[in-house]
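# output the structure for:
(chains A and B)
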2 protein chains.
Amino acid sequence: MTGVKVTGHAALLAELRAVLGRDAVLTDPDVVEGYRHDMMPLASAGRPLAVVLPATRPDVQRVVRAAGAAGVPIVPRGAGSGLSGAANAIDGCLVLSTARMRSILEIDTDNRLAVVEPGVINRDLRTAVEKHGLFYPPDPSSYDWCTIGGNLATNAGGLCCVKYGVTTDSVLGLEVVLADGELLRTGRRTMKGVAGYDLTSLFVGSEGTLGVITRATLALRPLPQAPATLVATFAATEAAASAVSRIVREGMVPSLLEIMDAVSIDAVERHLNTELGAAAGSAALLLAQSDVGGDAGRAEIETLEQVCTDLGADFTYSTTDLAEGRMLLAARRAVLPALELLGRGLTDDVCVPRTRIGELISGCAAIADRAGLTVAVVGHAGDGNMHPTIVYDPDSPAQEEAARVAFDEILALGLSLGGTITGEHGVGRIKQDWLAKELGPVGLRTHRVVKRALDPENLFNPGSMFSMD
Amino acid sequence: MTGVKVTGHAALLAELRAVLGRDAVLTDPDVVEGYRHDMMPLASAGRPLAVVLPATRPDVQRVVRAAGAAGVPIVPRGAGSGLSGAANAIDGCLVLSTARMRSILEIDTDNRLAVVEPGVINRDLRTAVEKHGLFYPPDPSSYDWCTIGGNLATNAGGLCCVKYGVTTDSVLGLEVVLADGELLRTGRRTMKGVAGYDLTSLFVGSEGTLGVITRATLALRPLPQAPATLVATFAATEAAASAVSRIVREGMVPSLLEIMDAVSIDAVERHLNTELGAAAGSAALLLAQSDVGGDAGRAEIETLEQVCTDLGADFTYSTTDLAEGRMLLAARRAVLPALELLGRGLTDDVCVPRTRIGELISGCAAIADRAGLTVAVVGHAGDGNMHPTIVYDPDSPAQEEAARVAFDEILALGLSLGGTITGEHGVGRIKQDWLAKELGPVGLRTHRVVKRALDPENLFNPGSMFSMD
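Below is the predicted model of the structure:
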């Protein structure tokens, strides 16, 4: 770092403190440490020049203009719950946290939409709209603490997607601060609209590489009925996978359809003492819900149950009891925490055609054997988005290396099955090479052309998702 | 036109004939005439150099490369059913028709998706997938003859949107020939995926300004149940609008929810002899369907009927009889043909928040009074997408001018109600100035930056949607 740059950086920090206030520009290394990483253990993370906490759109514009003038890159950051390193700091950057922009600005019950700032916690939005009988579907596992801004940047998914789609399906419009500091408004407040390019969808999922989202207009749905829940266990993985295929082919659309493999079941059973008693020793478990309510909901669950039985389930149990349903869902959500008790969990994220789930699970078992590590497969069976999770000892360099190799082998397996290298976690700083493989040279070049057009100086999150060289 | 250009054009035509075959390069003025316009009467249309009919992706690439080298712009064209002039020829261009690329390449029933070429007729795809118990939702009024490629280029909607969304909601991936002739693949075959920018959504609705779509992977849904149908008439427009607001607020999602104003009802009654007897003289009519099927479907229709009665409907009728349902729907679809019997119909397309439909209808009545013309309002009430249709005598310059003024006043009204200047028909060659107003300077600049990045020589559909100056 040259003397000139240090001077430039000092001037930048002074300017930011003058604009935002001293307490909104963090440089204490101990404090900054908490803003360097997201939740992906394998991604690199640099040392930021500072963390800034703008509270308003004009403040975001000022930060972007000042950083642009100083040639200091910006890494936008929500809560840091990401699983790809996309929010990880790079050396000398400004981490722009949206933590102080957390107002729910409007809930329009008549038109079923909400306008929010990016730092709003997913759960807070869910709770606020539920009071009006409304529903914001996207429910990533981290919904207790992740932000809407992070959800938008990663186009987050969750358990709801099989019926309600991913984040982008709930977004009507955005406000984004562009690289030149100007405020772009995309989309609209109406349900339909084709005025101009769909820039809203371009920014959703762009992982902070194209601008800073400062506001979002979100479509809400009617609050679903209390769910009926089904659990089914299978002595053979392929039978469970066949049941998923049959459910898809026959056109059933449950509100949730999750799969756990034997390793996942075992981890939950042994380490969390969760009530999956009858599942112990099973090769696979399917968990489904219907939120249609009433007789129709019960009928939907019964049909799902019949499919599972027909395809060879050795045990099924269905319930409309909410506490039981929650308990079964808690077991599914406990897979990753249970695995963390065995070592560090490295969660992969591939999405395959729904007919290929069985092959993905058996392929992961083979990868686990070769690696000499535990790989548990759990995932959103209804949309084919699977999360094979590799468990390793972070203090063993050999195991960490084996985990990295297994991680890549799972991506190659996903691609070979006609899938994608990321269903919902994103590319970030961990899958850039794989993105290039999936996109191919024309796709990668098109990404660079779009990035260069909107961010010519590579100000936003440089090096994440793809490199510009 | 200079001598040099004529030589260049002759050479281009010779090259195209050599590549595509003589019968795939049309220059006979009488034949070419049929490819100059879409269905928007007010949009300008130039005289193309030729119409080309490539049959394969490599042929599209060759056309794009040859036209690019010759500096001859390309206007991509589906069936010409558009309502914004976006497929209209410009002087000296190549009209690239997708009429010979009409194969349904694959229907994957297990994964519920189809892969199609752009020239496939919407109805042909619907029929083909129905045989497998599957459903392709987008249903623009022209579905009998419009193409999937045109639907993709305009992000077409239809009656289905209130429940099933617009075209972009059914698209998983595209293949697009870019301005340099390279083939870009976007998206994927899986239900979820966040690998890279959402370029699929960027191309959908880009009205042929960014590339030529040569293939699409489309998500299919389970075939819905036979619909139950409700018709309700109101003595006051505001009562019908209030019923729509109540339906939205209470979270009901019918599979269809259409509104007709008094002028529309009258036109259908008097000129098509359609069986809307009880509706004659009503201020407004709501038409709703439920495709849930069985008891649940009947219950949904009954609830909708109750809302209409509570809000002041003076007549309601519901039926599960399919023939009756089809007849009622035919009356709705007959509005535009019926208006065409009175003069030329100029169909506008605004989308407003669903609480503002009443104000839009009364505002259109005031505009009609000022213009001294008939304006009938019909539209997709469930999503706020309204089609005020101005009827005028095309042989009267004064009436045509009054119609143009009324057209613009309706757009201004839509914007003033918090809406957009186009819900589903697009911008094309008729609403460029209005797009600039809706987007604002930053939005327009961002559109130009994206267009320039992907099409630096302005090869595709130049001057449509927005100008580059």
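# domain parsing of chain A, as residue ranges.
A:3-97, A:104-222, A:228-416, A:431-469 (automatic domain parsing).
# please identify the most buried of those.
Across the domains of chain A, averaging neighbours per residue (mean count of other C-beta atoms under 10 Å in any protein chain shown) puts domain A:104-222 on top, at a mean of 23. Backbone N, C-alpha and C define where each C-beta goes, glycine included.
# that domain: how far from the chain's middle?
Distance of domain A:104-222 from its chain centroid, counting by C-alpha atoms, centre = their mean, to the nearest Å, is 13 Å.
# end-to-end on that domain?
19 Å (C-alpha to C-alpha, to the nearest Å).
# out of the domains of chain A, which comes closest to B:D393?
domain A:104-222 (30.0 Å; C-beta to C-beta).
# near chain B, which residues of the stretch 351-469 of chain A?
Applying the criterion C-beta under 8 Å from any C-beta of the partner chain, the portion of the stretch 351-469 of chain A that neighbours chain B consists of A:351-355, A:380, A:383-385, A:418-427, A:431, A:434-435, A:438-440, A:442-443, A:446-447, A:449-450, A:452-454, A:465-466.
# ok, 6 Å please
A:351, A:353-355, A:383-385, A:418-424, A:426, A:435, A:438-439, A:442, A:446-447, A:449-450, A:453 (C-beta under 6 Å from any C-beta of the partner chain).
# from chain B, how far out is A:G82?
Distance, A:G82 to chain B, by C-beta to the nearest C-beta, to the nearest Å: 11 Å.
# only alpha carbons, please: show stretch A:434-451 as PDB.
Provided in PDB are the C-alpha atoms of stretch A:434-451 (Å, rounded to 0.1, in the frame of the first residue of the first chain):
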ATOM      1  CA  TRP A 434     -17.700 -23.600 -11.400                       C
ATOM      2  CA  LEU A 435     -19.900 -20.800 -12.600                       C
ATOM      3  CA  ALA A 436     -17.600 -20.300 -15.600                       C
ATOM      4  CA  LYS A 437     -18.000 -24.000 -16.300                       C
ATOM      5  CA  GLU A 438     -21.800 -23.900 -16.100                       C
ATOM      6  CA  LEU A 439     -22.100 -20.700 -18.100                       C
ATOM      7  CA  GLY A 440     -19.600 -21.500 -20.800                       C
ATOM      8  CA  PRO A 441     -17.500 -18.900 -22.600                       C
ATOM      9  CA  VAL A 442     -20.400 -17.000 -24.200                       C
ATOM     10  CA  GLY A 443     -22.300 -16.900 -20.900                       C
ATOM     11  CA  LEU A 444     -19.300 -15.700 -18.900                       C
ATOM     12  CA  ARG A 445     -18.500 -13.100 -21.500                       C
ATOM     13  CA  THR A 446     -22.100 -11.800 -21.400                       C
ATOM     14  CA  HIS A 447     -21.900 -11.600 -17.600                       C
ATOM     15  CA  ARG A 448     -18.800  -9.500 -17.900                       C
ATOM     16  CA  VAL A 449     -20.300  -7.200 -20.500                       C
ATOM     17  CA  VAL A 450     -23.400  -6.600 -18.200                       C
ATOM     18  CA  LYS A 451     -21.200  -6.000 -15.200                       C
END
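# quick one: distance of it to the chain centre.
Taking C-alpha atoms, centre = their mean, the mean C-alpha location of stretch A:434-451 is offset from the chain mean by 21 Å.
# so where's the stretch 251-400 of chain A uncertain?
Confidence mapping of the stretch 251-400 of chain A against pLDDT under 70 gives the ranges A:272-278.
# residue in it nearest to chain B?
A:G251 (2.5 Å; C-beta to the nearest C-beta).
# correct me if wrong, but that residue is in a helix.
No: remark: A:G251 does not belong to a helix; assigned using DSSP: H, G, I helix; E, B strand; the rest coil, it is coil.
# got the confidence number for the residue nearest to it when sequence neighbours are not counted?
Beyond its immediate neighbours in the sequence, the residue positioned closest to A:G251 (C-beta to C-beta, 6 or more residues apart in numbering or on different chains) is B:P222, lying 2.5 Å away. With respect to pLDDT, B:P222 has a value of 91.
# now the helix ranked longest in chain A against helix B:432-454, angle please.
Ordering each helix of chain A by length in residues (DSSP state H) puts helix A:432-454 first. Taking axes from the mean of the first three to the mean of the last three C-alpha atoms, to 10 degrees, helix A:432-454 and helix B:432-454 form an angle of 130 degrees between their directions.
# now helix A:432-454, how far from the centre of its chain.
Taking the mean of its C-alpha atoms, helix A:432-454 sits 21 Å from the chain's own mean (C-alpha atoms, centre = their mean).
# ok, residues contacting that helix?
The list of residues contacting helix A:432-454 from outside it, by C-beta atoms under 6 Å, 6 or more residues apart in numbering or on different chains, reads A:210, A:411, A:421, A:427, A:466, A:468, B:182, B:184, B:195-197, B:449-450, B:453.
# what segments of the stretch 201-350 of chain A are helices?
A:237-249, A:262-272, A:294-310, A:322-333, A:335-340 (DSSP state H, counting those that start in this stretch).
# got those as a markdown table, with distance to chain B columns?
Putting the helices of the stretch 201-350 of chain A into a markdown table (distance: least, C-beta to the nearest C-beta, whole Å) gives the following:
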| stretch | distance to chain B |
| --- | --- |
| helix A:237-249 | 5 |
| helix A:262-272 | 20 |
| helix A:294-310 | 5 |
| helix A:322-333 | 18 |
| helix A:335-340 | 18 |
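# for the stretch 1-150 of chain A, what lies in contact range of chain B?
Residues of the stretch 1-150 of chain A lying near chain B (C-beta under 6 Å from any C-beta): A:110-111.
# circling back: against A:I148, how distant is the residue nearest to A:G251?
Distance from B:P222 to A:I148, counting by C-beta to C-beta, to the nearest Å: 31 Å.
# which one is the closest residue to chain B within the stretch 351-469 of chain A nearest to, not counting chain neighbours?
Scanning the stretch 351-469 of chain A for proximity to chain B using C-beta to the nearest C-beta identifies A:A453 as nearest, at 3.5 Å. Using C-beta to C-beta, 6+ apart and skipping the chain neighbours, the partner closest in space to A:A453 is B:A453 (3.5 Å).
# just the strands in the stretch 351-469 of chain A please.
Taking DSSP state E, counting those that start in this stretch to define them, one finds strands in the stretch 351-469 of chain A at A:374-380, A:385-392.
# and the longest one, what does it pack onto?
Right, strand A:385-392. Identification of packing neighbours for strand A:385-392 by 3 or more C-beta pairs under 6 Å, 6 or more residues apart in numbering or on different chains; DSSP states H and E yields strand A:344-347, strand A:374-380, helix A:397-416.
# redo that, cut-off 10 Å
Strand A:385-392 sits against strand A:256-261, helix A:262-272, helix A:335-340, strand A:344-347, strand A:350-351, helix A:357-371, strand A:374-380, helix A:397-416, with contacts defined as 3 or more C-beta pairs under 10 Å, 6 or more residues apart in numbering or on different chains; DSSP states H and E.
# tabulate the ones you listed in CSV, adding columns for distance to A:S170.
Rendered in CSV, the data for those read as follows (distance: least, C-beta to C-beta, whole Å):
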stretch, distance to A:S170
strand A:256-261, 17
helix A:262-272, 28
helix A:335-340, 24
strand A:344-347, 24
strand A:350-351, 19
helix A:357-371, 26
strand A:374-380, 17
helix A:397-416, 26
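# nearest to A:R126, of those?
strand A:256-261 (15.5 Å).
# is that closest one positioned near chain B?
No: Strand A:256-261 stays clear of chain B (C-beta under 10 Å from any C-beta of the partner chain), getting no nearer than 11.4 Å.
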